[in-house]
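1. Need a 3D model of the following:
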Amino acid sequence: MTMLAPTSARPLRMKLIKRMKLRPYSRRTIEAYVSWICRLALFFHCCPSRLSVENIHDLQLDLIDELELS
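-> Numbers count the residues shown, from 1 in each chain. Model (predicted):
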């Protein structure tokens, strides 16, 4: 089952997928976006819709440190 499978998707995820399909994004791009949004939820232990810009910046800084990016 892929990340785009409707049986495993929550309403927010399905809304995102539908909007991206209308753009039209490729299937791989949609899967990448959905994957990163799932990582956001796991990192913060909450629904991505509850996150602030500051939360996103915290994750970006954590990834920069973890991956030693500049």
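2. who does the longest helix anywhere in the chain touch, helix- and strand-wise?
-> Longest helix in the chain, counting residues (DSSP state H): helix 27-44. Counting contacts by 3 or more CB pairs under 8 Å, 6 or more residues apart in numbering; DSSP states H and E, helix 27-44 packs against helix 11-22, helix 53-67. C-beta coordinates here come from the backbone N, C-alpha and C atoms, glycine included.
3. how much does the shortest one deviate in direction from helix 27-44?
-> Here the directions of helix 11-22 and helix 27-44 differ by 150 degrees (axes from the mean of the first three to the mean of the last three CA atoms, to 10 degrees).
4. Check which helices and strands helix 11-22 is in contact with.
-> helix 27-44.
5. How about the helix it packs on, which residues are buried there?
-> Applying a neighbour-count criterion of 16 or more other CB atoms under 10 Å, the buried positions in helix 27-44 are 30, 34, 37, 41.
6. And stretch 57-68, by the same measure?
-> Residues of stretch 57-68 classed as buried: none (neighbour count, 16+ other CB under 10 Å).
7. Quick one: mean pLDDT for that stretch?
-> In this model, stretch 57-68 has an average pLDDT of 86.
8. Need the CA coordinates for that stretch. CSV is fine.
-> What follows is stretch 57-68, C-alpha atoms only, in CSV (Å, rounded to 0.1, in the frame of the first residue of the first chain):
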residue,chain,number,x,y,z
HIS,A,57,11.9,26.3,11.5
ASP,A,58,12.7,24.1,14.5
LEU,A,59,12.5,21.0,12.3
GLN,A,60,14.6,22.6,9.6
LEU,A,61,17.3,23.5,12.1
ASP,A,62,17.2,20.0,13.5
LEU,A,63,17.6,18.5,10.0
ILE,A,64,20.5,20.9,9.3
ASP,A,65,22.2,19.8,12.5
GLU,A,66,21.4,16.1,11.9
LEU,A,67,22.5,16.0,8.3
GLU,A,68,25.3,18.6,8.8
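9. All set, thanks.
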